[in-house]
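Asker: Below are the sequence and a predicted model for it; my questions follow.
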Amino acid sequence: MGFIIRLLVNALALYLLTRVYGGVSFAPGADVVSILIAALVMGIVNALIRPVLLLLSLPINVLTLGLFTLIVNGVVLYLVAAVTALNVNGFGAAVIGALILTIISWVLDAIVGAVGLDGRDG
């Protein structure tokens, strides 16, 4: 059940990102299935590729005191856009979109946790 809730939260976050920020959008005619697929791909990329990118960029990440993570998150969003119905208007838009997506996801995670849908006790 937790996987489905996490997928739905990610899908809602991606959808809200496209409504809030004009640099990221879904292809015309994209439906709920396209949004869910983009959220699933985002989860897979975050689980498999993002840790490798963070490990490879560790020296520059240390030098920038963690700010390079924003660039890595932009690369992840750009990769997701390359294989789904998500459209990103350039790499700069991907970095800004990733930052906004992080904030939206953080708020949605807090709401899900407050309502008690995250499956955690206490």
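Answerer: Yep, it's here.
Asker: what bits of the chain have low per-residue confidence?
Answerer: Within the chain, the segments meeting pLDDT under 70 span 118-122.
Asker: Mind giving me the packing neighbours of the lengthiest helix in it?
Answerer: Ranked by residue count and defined by DSSP state H, the top helix of the chain is helix 91-115. Judged by 3 or more Cβ pairs under 8 Å, 6 or more residues apart in numbering; DSSP states H and E, the packing partners of helix 91-115 are helix 2-20, strand 24-26, helix 68-83. For glycine as for every other residue, the C-beta is placed from the backbone atoms N, C-alpha and C.
Asker: of those, which approaches Ile44 most closely?
Answerer: Among these, the nearest to Ile44 by Cβ to Cβ is helix 68-83 (9.1 Å).
Asker: any idea how far stretch 16-26 is from the chain center?
Answerer: Mean-position distance between stretch 16-26 and its chain equals 12 Å (Cα atoms, centre = their mean, to the nearest Å).
Asker: hmm, back to that, dump the helices and strands packed on helix 91-115 to CSV, plus mean neighbour count and distance to Gly113.
Answerer: Output for the helices and strands packed on helix 91-115, formatted as CSV (neighbours: other Cβ atoms under 10 Å; distance: least, Cβ to Cβ, whole Å):
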stretch, mean neighbour count, distance to Gly113
helix 2-20, 16, 10
strand 24-26, 20, 25
helix 68-83, 19, 22
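Asker: wait, which of those is closest to Thr102?
Answerer: Of the helices and strands packed on helix 91-115, nearest to Thr102 by Cβ to Cβ is helix 68-83, at 6.7 Å.
Asker: And the contacts of the closest one?
Answerer: The contact list for helix 68-83, computed with Cβ atoms under 8 Å, 6 or more residues apart in numbering, reads 24, 38, 41-42, 45-46, 49-50, 53-54, 57, 60-61, 86-88, 91, 94-99, 101-102.
Asker: How far does the next helix or strand after that helix sit from its chain's centre?
Answerer: Scanning forward in sequence from helix 68-83 by DSSP states H and E, the next helix or strand is strand 86-88. Distance of strand 86-88 from the chain centroid (Cα atoms, centre = their mean) equals 12 Å.
Asker: Okay then, goodbye and thanks.
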